[in-house]
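Chemist: Sequence and predicted structure, then a few things I'm wondering about:
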Amino acid sequence: THGNKFFETFSFLPPLSDQEIARQVQYLLNNGWTPCIEFESAEKAYCDSHGWTGIDYNVNAGYYDNRYWVMWKLPMYGCTNPDEVLQEIRACTQ
């Protein structure tokens, strides 16, 4: 492998504490954006290749499995408090 780990969105960051997540969520709420939680099992969250489906990647350039994760419930329209997002993250990880 090349040593890089490909995750989505905040993959370049170290693990975030609840307080740090809350600050990120507050930033997006302040900008009028809607929080959305995506998840994947630990076994599939890390991609160091194009994946496991067997698709011919020479024909499908730019495709790799696990590009999009499953969304937890619906986008959190109307969310006004980072604590709402943290509560959903806890529920998602149980």
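Modeler: In hand now; what should we look at?

Chemist: rest of the way, CA atoms for contacts and neighbours
Modeler: Will do.

Chemist: in the chain, which spans are helices?
Modeler: Using DSSP state H, the helices of the chain run over residues 18-30, 42-45, 82-92.

Chemist: Reformat those helices as a markdown table; add distance to Cys36 and mean neighbour count.
Modeler: Shown next, in a markdown table, are those (distance: least, C-alpha to C-alpha, whole Å; neighbours: other C-alpha atoms under 10 Å):
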| stretch | distance to Cys36 | mean neighbour count |
| --- | --- | --- |
| helix 18-30 | 10 | 15 |
| helix 42-45 | 17 | 11 |
| helix 82-92 | 8 | 14 |
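
Chemist: In TSV, list those along with distance to Lys73.
Modeler: TSV is the format used below for these (distance: least, C-alpha to C-alpha, whole Å):
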stretch	distance to Lys73
helix 18-30	17
helix 42-45	18
helix 82-92	9
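
Chemist: where among those helices is the average confidence lowest?
Modeler: Lowest mean pLDDT within the helices of the chain: helix 42-45, a mean of 65.
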